[in-house]
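Peer 1: next one to model:
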Amino acid sequence: DSERLLKMCILHDWGEAVTGDIPAFRKLRSDERIERGSMLKLLEKLPDGLREEFSEIYDEYESLSSAEARVCRALDKLETLIQHNQADISTWLPLEYALNMTYGNRETEFSVYMTELRDRIRQDTRDKIRAEAPEMLTEGRMEIRELSLEDIYTGILDGFDRRQEIKRRWICDDGEWKIEKCDIVDDWSEEERRGREEKLRRIISGGGDAIGAFEDGILRGFACLGGGVWGKSAKYIVLEQLHVSNGYRGKGTGKKLFAAACERARSRGGERLYISANSSLETQGFYRARGCEYASEVDAEHAAAEPFDVQMEYIL
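Peer 2: Numbering: from 1, shown residues only. Reported below is the predicted structural model:
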């Protein structure tokens, strides 16, 4: 329904008339809630019939409950990227090199046409960077670097494939570790991706560290360290997260991130890393190969939050 789609395209950003246009890579879930509240107040000012029609269209967009809503959401993301490609590259922020590679991936995957359009825009981005700022392209090489708060834009994890199929895992049965068969798929919903991004921001803001692995501006893996030091027998620094995108596992990216995290922890005076690690055979094999062992001190908070994880440590 082209008419409904056009109305939706006009309506969906009305709330920004009150809140202002917050850049997509800076918009948090709290900003989205405020924007929605502003939108509802604007709708209240309309005559009854129009208010009901526009409220229905807006709710449809927010819930992505129709083809029109999904197309509108996709076009909203793609328009941002096209604007970047048309702008002088001297106006780009450092994070926008990565943003243009990944932003809108999830919103366009519902449609072959939209996915192809997204791919063409990404190619325009590569061509622009290659022509105007070639030093920003790694050309397939993995770049490991520390992340700042500026790097963690909303949507940085949209191109990240967290999926992990777990068929066997370690469990502790009456104090004895043994392997059991299972059928588990670990993945992130869109809500969980936003939550991970906000956690990265909190860690950096709280004095912690985050390290990213990038290929041509796209985040392929990351590790982060908590900001504090704890422990009675040693100075522990918590390895809060270490994830490598599916397709890049088993290629050395995780090893590089782990080594970089260890180096950073040592520079902060840490004596051991504390790791609440997934119990899958693959994840445990990775940490065991690095020299990690069962933790001599167990952090109750981490153990309670992830009861199926294995609490581990690494002597720095």
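Peer 1: pretty sure residue 302 sits against residue 277.
Peer 2: No: under the criterion of C-beta atoms under 8 Å, residue 302 is not in contact with residue 277, lying 10.1 Å apart. C-beta coordinates here come from the backbone N, C-alpha and C atoms, glycine included.
Peer 1: so what sits against both of these two?
Peer 2: Residues touching both residue 302 and residue 277 (C-beta atoms under 8 Å, 6 or more residues apart in numbering): 309, 311.
Peer 1: who's more crowded, the two?
Peer 2: Counting neighbours by other C-beta atoms under 10 Å for residue 302 and for residue 277 shows that residue 277 has the greater number, 20 against 16.
Peer 1: lowest-confidence helix or strand of the chain?
Peer 2: The helix or strand of the chain with the poorest confidence is helix 16-19; it has a mean of 78 (mean pLDDT, DSSP states H and E).
Peer 1: for that helix, what is the distance to the chain centroid?
Peer 2: In terms of C-alpha atoms, centre = their mean, to the nearest Å, the centre of helix 16-19 is set 26 Å apart from its chain centre.
Peer 1: go ahead and name everything in contact with it.
Peer 2: Residues contacting helix 16-19 (C-beta under 8 Å, 6+ apart): 22, 31, 34-35, 38, 41-42.
Peer 1: most neighbours out of those residues, which is it?
Peer 2: Busiest of those [other C-beta under 10 Å] is residue 35, holding 20 neighbours.
Peer 1: now it: closest residue in space that isn't a chain neighbour?
Peer 2: residue 15 (3.8 Å; C-beta to C-beta, 6 or more residues apart in numbering).
Peer 1: quick check, that neighbour in contact with residue 33.
Peer 2: No: using C-beta under 8 Å, residue 15 makes no contact with residue 33, being 10.3 Å away.
Peer 1: list the contacts of the residue nearest to residue 35.
Peer 2: By C-beta under 8 Å, 6+ apart, the residues touching residue 15 are 34-39, 42.
Peer 1: make it 7 Å
Peer 2: 35-36, 38-39 (C-beta atoms under 7 Å, 6 or more residues apart in numbering).
Peer 1: circling back: give the other helices and strands that the helix or strand just after the least confident helix or strand of the chain contacts.
Peer 2: Downstream of helix 16-19, the first helix or strand assigned by DSSP states H and E is helix 29-44. Where contact means 3 or more C-beta pairs under 7 Å, 6 or more residues apart in numbering; DSSP states H and E, helix 29-44 is packed against helix 16-19, helix 48-63.
Peer 1: dump the ones you listed into a markdown table; add mean neighbour count and distance to residue 83 as well.
Peer 2: Shown next, in a markdown table, are those (neighbours: other C-beta atoms under 10 Å; distance: least, C-beta to C-beta, whole Å):
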| stretch | mean neighbour count | distance to residue 83 |
| --- | --- | --- |
| helix 16-19 | 14 | 15 |
| helix 48-63 | 14 | 21 |
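Peer 1: of these, which is nearest residue 120?
Peer 2: Between residue 120 and the helices and strands packed on helix 29-44, the shortest gap by C-beta to C-beta is with helix 48-63, which sits at 24.7 Å.
Peer 1: roughly how far is the next helix or strand after that closest one from the heart of the chain?
Peer 2: Toward the C-terminal end, the helix or strand that comes next after helix 48-63 (DSSP H and E) is helix 67-86. Its chain's C-alpha centre and that of helix 67-86 lie 19 Å apart, by C-alpha atoms, centre = their mean.
Peer 1: give the rounded mean pLDDT of helix 67-86.
Peer 2: Averaging pLDDT along helix 67-86 yields 93.
Peer 1: outside of it, which residues touch it?
Peer 2: Helix 67-86 is contacted by residues 1, 4-5, 8-9, 12, 24, 60-61, 64, 92, 96, 100, 103-104, 107-108, 110, 114, 117-118, 121, 124-125, 128 when judged by C-beta under 7 Å, 6+ apart.
Peer 1: and those, which are buried?
Peer 2: 4-5, 8-9, 12, 24, 60-61, 92, 96, 100, 103-104, 107-108, 114, 117-118, 121, 124-125, 128 (16 or more other C-beta atoms under 10 Å).
Peer 1: neighbours of residue 30, how many?
Peer 2: Residues lying near residue 30 (other C-beta under 10 Å) number 9.
Peer 1: any idea how far it is from residue 178?
Peer 2: Residue 30 sits 44 Å away from residue 178 when distances are taken as C-beta to C-beta, to the nearest Å.
Peer 1: and if you look at residue 131?
Peer 2: 58 Å.
Peer 1: and if you look at residue 309?
Peer 2: Distance, residue 309 to residue 178, using C-beta to C-beta: 16 Å.
Peer 1: neighbour count winner among the two?
Peer 2: Taking neighbours as other C-beta under 10 Å, residue 309 and residue 178 compare with residue 309 leading, 16 against 9.
Peer 1: hang on, the earlier thing: any idea which of the contacts of residue 15 is closest to residue 207?
Peer 2: When these are compared against residue 207 (criterion: C-beta to C-beta), the nearest one is residue 35, at 30.5 Å.
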